[in-house]
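how does the following fold in three dimensions:
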Amino acid sequence: MSMFTALPDWETLSLAEQVAQMVVVRVSGYLFDQQIRYPAWEPSAAVLRHWVEDLGVGGVILLGGSAAEVGLRSHQLQDWAAIPLLICADIEEGVGQRFSGATWFPPPMALGAVATQAGASQALEQAIAHAEIMGATTAQEALAIGINWLLAPVVDVNNNPTNPVINVRAFGDTPALVSQLATAFLRGAQRHPVLTCAKHFPGHGDTSTDSHLELPLIPHSLERLDAVELPPFKAAIAAGVDAIMSAHLLIPAVDSEYPATLSRPFLTGQLRQRLGFEGLIVTDALVMGAITNRYGATEAPVLAVEAGADILMMPVDPEGAIAAICDAVNSGRISPEQIRASVARIWQAKQKVCTHLTGNTSHAWETLPPPLIQLDRIAQPAALSAVAASLRQSMQVHQPAASRLHHPKWAKPLRNLIVLDDALDREFLGHHTAAIALPQKRGYTLQILDSHTPPIPLDPDTTDGQPTLLQLFIRGNPFRGSAGLNQVAKDWFEYLLRSDQLQALVIYGSPYILNQFVPQLPADVPYVFTYGQMPQAQAIALEALFE
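Numbering: from 1, shown residues only. You can find the predicted model right below:
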């Protein structure tokens, strides 16, 4: 792509080229094919280049790699594209959540905890300030590596503790709190020329089913949606959010046949007409089980466009989706006017983030130079200090006067038992990170278990009497199907209690897990809870435990 190629008049594009602009494909942030971690979803370089150069897809969603690699990757992608790309990422917790080296904030629910901390004056104001810094930092660092669209903030109201897919990704469990913190995030992000996205419409907070795996059914009335789920979306629209992402939810009160992503009553009737949203309507990933298991690779994109979606996120078969939508237009199933309206909205978004004005001529748009890796905007001291403040203010610490950490009975040998959901997917944990390194300095022997660990007999009568620091990394995450404890964690926690070996407890992630554990803990067992799982959270938590 030429450094200063003007955005073409979208009306000069063919139907297939217009439809291709509505498609966003998933891309590995790593530069080389042998580094691809999810080959079922992430194309090889040759296929990706075909999608960008020949099909002319409108955007990509990135996952994986370091911030520096993604800077090079975004440069490469824009160089391939004849029309500037929307480059997005699910960076709800800062750029560092997905791309190592950048700033990784605690999950949004940590800010909700700051806002509601007991006895703290001006708690809400502090949380709002944190959310605004989080939005601004995320936008700045995204632009520094070529990402121009934040798939954030999450505006779901997480009022179901068993929610496996939203959980700590939400700011809180009340519409008012979520609205205030989400709009603060938006204010911060809007300091920079990026797109934002509120998700997941009409509200994914009150589910106990992971839509990545199957379709959740929500029995609520429209009146209930108006009272609880929709207010944060209304607030985001009023705050100028650029895009809204649909949820794969079946809500019979509005549409008994199709999930919201494929529902015209939801996307057009509720979001576009009733709420008056004029920005981009984007689907959640169409590869998710709630959609692909029921509607197939090419019918689902057609249904989504029929419903009113402007952008199709991660269709299973991008080329097939484009062809199927063109066929639907040619057969009269979808009107050409609807495609043109979507492309016009996409162009408006691209003019905001892919171009800039030159001179005083309102139509003299030119594309920005290919993105550079602006290292001086990544993980700066002020950003890291903001993360630390959020972590400390949302952390819960119990330090009993007669702590087992200091009693002579609890002497060596010591065990540092770490339990994760999946030990094969733990970029936040390594020999250099505090959860392993700090206990090791204090004489603890490391043991790591996960949900794949075979069960072993845990007989308190044959205990080895080893004082144990138990560290749990457990939170809700997509594709996991559960936000609760895995069986390994349950078994070991109960065993350590029965055998009187539990010396101390640290929980990284879900406050709902902490609520299950606290009533069972002996009074002299110290514990720390932190929403973060990243190395910075580990260091702060263990410093508080061992102080």
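
switch to C-alpha atoms for all contacts and neighbour counts from now on
Will do.

which residues touch Ala247?
Lys199, His200, Phe201, Pro202, Gly203, His204, Pro259, Ala260, Thr261, Thr283, Asp284 (C-alpha atoms under 8 Å, 6 or more residues apart in numbering).

now do the residue nearest to it when sequence neighbours are not counted against Gly509, distance only.
In this structure, Ala247 finds its nearest non-sequential neighbour in His200, 4.8 Å apart by C-alpha to C-alpha, 6 or more residues apart in numbering. According to C-alpha to C-alpha, to the nearest Å, His200 stands 21 Å off from Gly509.

one more: Glu306?
Glu306 is 39 Å from Gly509, by C-alpha to C-alpha.

between the two, point out the one with more neighbours.
Neighbours were counted for Glu306 and for Gly509 using other C-alpha atoms under 10 Å; Gly509 has more, 26 against 22.

next, the more buried one: phi, psi?
With angles defined as degrees, to the nearest 10, Gly509 sits at phi 130, psi -100.

my read: it touches Ala537, true?
No - with contact defined as C-alpha atoms under 8 Å, Gly509 does not count as touching Ala537 (10.1 Å).

find residues that contact each of these two.
The contact lists of Gly509 and Ala537 share Thr530, Tyr531, where a contact means C-alpha under 8 Å, 6+ apart.

wait, doesn't Ala243 sit right on Leu195?
Yes - counting by C-alpha under 8 Å, Ala243 touches Leu195, with 7.5 Å between them.

stretch 150-164 spans what distance, first to last residue?
The first and last residues of stretch 150-164 sit 22 Å apart, counting by C-alpha to C-alpha.

could you pull up the mean pLDDT of it?
The average pLDDT within stretch 150-164 is 89.

just the buried residues of it, please?
For stretch 150-164, burial by neighbour count (16 or more other C-alpha atoms under 10 Å) applies to 150-159, 161-164.

so where does Gln503 fall, helix or strand?
Using DSSP states H and E, Gln503 sits within strand 502-509.

who are the packing partners of that strand?
Applying 3 or more C-alpha pairs under 8 Å, 6 or more residues apart in numbering; DSSP states H and E, one finds that strand 502-509 contacts strand 468-474, strand 527-530, helix 535-546.

export the helix or strand following it to CSV, keeping only CA atoms.
Sequence-wise, the next helix or strand downstream of strand 502-509 (DSSP H and E) is helix 511-517. Provided in CSV are the C-alpha atoms of helix 511-517 (Å, rounded to 0.1, in the frame of the first residue of the first chain):
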residue,chain,number,x,y,z
PRO,A,511,-13.8,-13.0,43.8
TYR,A,512,-16.5,-15.6,43.7
ILE,A,513,-13.9,-18.3,44.4
LEU,A,514,-12.7,-16.3,47.4
ASN,A,515,-16.3,-16.1,48.7
GLN,A,516,-16.5,-19.9,48.6
PHE,A,517,-13.2,-20.4,50.5
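
what's the mean pLDDT across helix 511-517?
Helix 511-517 shows an average pLDDT of 88 in the prediction.

likewise for stretch 290-307?
For stretch 290-307, the mean per-residue pLDDT is 92.

now do it: distance to the chain's middle.
Computed by C-alpha atoms, centre = their mean, to the nearest Å, the chain-centroid distance of stretch 290-307 equals 23 Å.

got the buried residues for that stretch?
In stretch 290-307, counting by 16+ other C-alpha under 10 Å, buried: 290-292, 296-307.

mind picking the two most distant members of the residues you listed?
The span of those, defined through C-alpha to C-alpha, is set by Ala290 and Glu306 at 18.1 Å.

buried ones in stretch 196-207?
For stretch 196-207, the neighbour count (16+ other C-alpha under 10 Å) marks Thr196, Cys197, Ala198, Lys199, His200, Phe201, Pro202, Gly203, His204, Gly205, Asp206, Thr207 as buried.

regarding the protein, what is its longest helix?
Scanning the chain for the longest helix, with DSSP state H as the assignment, gives helix 123-144.

extract the CA atoms of it and return them as CSV.
Provided in CSV are the C-alpha atoms of helix 123-144 (Å, rounded to 0.1, in the frame of the first residue of the first chain):
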residue,chain,number,x,y,z
ALA,A,123,-14.1,5.5,46.2
LEU,A,124,-16.2,5.9,43.1
GLU,A,125,-14.2,9.0,42.0
GLN,A,126,-11.0,7.0,42.4
ALA,A,127,-12.4,4.1,40.3
ILE,A,128,-13.6,6.5,37.6
ALA,A,129,-10.2,8.0,37.4
HIS,A,130,-8.6,4.6,37.1
ALA,A,131,-11.0,3.6,34.3
GLU,A,132,-10.2,6.8,32.4
ILE,A,133,-6.5,6.2,32.7
MET,A,134,-7.0,2.6,31.6
GLY,A,135,-8.9,3.7,28.5
ALA,A,136,-6.3,6.4,27.6
THR,A,137,-3.3,4.1,28.2
THR,A,138,-4.9,1.3,26.2
ALA,A,139,-5.7,3.6,23.3
GLN,A,140,-2.2,5.1,23.3
GLU,A,141,-0.4,1.8,23.4
ALA,A,142,-2.7,0.3,20.8
LEU,A,143,-1.9,3.0,18.3
ALA,A,144,1.8,2.7,19.1
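
which elements pack onto that helix?
If contacts are counted by 3+ C-alpha pairs under 8 Å, 6+ apart, helix 123-144 sits against helix 108-115, helix 175-189, helix 381-394.

and if we set it to 6 Å?
Counting contacts by 3 or more C-alpha pairs under 6 Å, 6 or more residues apart in numbering; DSSP states H and E, helix 123-144 packs against helix 108-115, helix 175-189.

can you list contacts of that helix?
For helix 123-144, the external contacting residues (C-alpha atoms under 6 Å, 6 or more residues apart in numbering) are 94-95, 111, 114-115, 181, 184-185, 188-189, 373-374, 377-378.

need the max-distance pair from the residues you listed.
Greatest spacing in those, by C-alpha to C-alpha: Ala115 and Ile373 (34.8 Å).

who's more crowded, the two?
The residue with more neighbours, out of Ala115 and Ile373, is Ala115; 25 against 21, by other C-alpha under 10 Å.

got a pLDDT number for that one?
With respect to pLDDT, Ala115 has a value of 95.

could you measure from it over to Asp173?
The separation that Ala115 has from Asp173, given C-alpha to C-alpha, amounts to 12 Å.

what sits against the closest residue to Pro153 other than its chain neighbours?
Among residues not flanking Pro153 along the chain, Ala198 sits closest, at 5.2 Å (C-alpha to C-alpha, 6+ apart). Listed by C-alpha under 6 Å, 6+ apart, the contact set of Ala198 reads Ala152, Pro153, Val154, Val155, Ile244.

where does the stretch 301-450 of the chain dip in pLDDT?
Applying pLDDT under 70 to the stretch 301-450 of the chain flags the ranges 355-372, 410-411, 425.

run the last query once more with 80
The stretch 301-450 of the chain contains residues with pLDDT under 80 at 355-373, 407-412, 421-427.

where along it do the helices fall?
Taking DSSP state H, counting those that start in this stretch as the criterion, the stretch 301-450 of the chain contains helices spanning 318-330, 336-353, 381-394, 434-441.

the stretch 1-150 of the chain too?
Along the stretch 1-150 of the chain, the stretches classed as helices by DSSP H, counting those that start in this stretch are 15-20, 45-49, 67-80, 108-115, 123-144.
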